[in-house]
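Novice: Have a look; sequence and predicted model below, questions after that.
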Amino acid sequence: MTLWQQLQNTLEQAETRGLIEHASAGNALLQSVETLSATEGYPLDEMIVVLLDQAVRDRHRMDQAHRGWDALTMRERQVTALVCQGLTGRQVAMRLVLSPETIKTHVRHILRKFNISSRRELRRLLEDWDLNPWLIDERVMD
């Protein structure tokens, strides 16, 4: 988990428990950053830069993921969900009753639409996504 994700989790937990009021949100955020700064051994100003840099990279990565996902056909979304579960091309083909060559073609298109080069990158890019809806009804087609 990245430092930025740790900070976000801390704030979300505090908000969920009703600990953060609008007036104290800034103080809670600063305190969280100060704690991370001390834990990670960065001066506070460097920690803020590290967190902002990570946030921008994470945002760019998620924007890329959403654009890629939006470009997929329904069948490609099914294949993506199964690939992200760790299934091989042959296993995906069996599951969807398609040929392995068809799955290879789908995977090539999927990787191109996400602008990445491997299944591992795809799994890493979508690791926090809930792809279960695309696993339930395997009869959905284009």
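Specialist: Arrived safely, thanks for sending.

Novice: Run through who's touching the helix or strand containing V107.
Specialist: Take DSSP states H and E as the rule and V107 turns out to sit in helix 100-114. Identification of contacts with helix 100-114 by C-beta atoms under 8 Å, 6 or more residues apart in numbering yields 64-65, 68, 71-72, 75-76, 79-80, 83, 89-90, 92-93, 96, 117-119, 121-122, 125. No exception for glycine: its C-beta is placed from N, CA and C like everyone else's.

Novice: That helix: how far from the chain's middle?
Specialist: Relative to the centre of its chain, helix 100-114 is centred 20 Å away, using C-alpha atoms, centre = their mean, to the nearest Å.

Novice: Likewise for stretch 121-135?
Specialist: The chain centroid and the centroid of stretch 121-135 are separated by 7 Å under C-alpha atoms, centre = their mean.

Novice: got the contact list for the closest residue to I116 other than its chain neighbours?
Specialist: For I116, ignoring the flanking residues on the chain, the nearest one in space by C-beta to C-beta, 6 or more residues apart in numbering is L122 at 6.1 Å. Going by C-beta under 8 Å, 6+ apart, L122 touches T80, V83, C84, I110, L111, F114, I116.

Novice: and if you look at T39?
Specialist: Contact partners of T39, counting by C-beta under 8 Å, 6+ apart, are absent.
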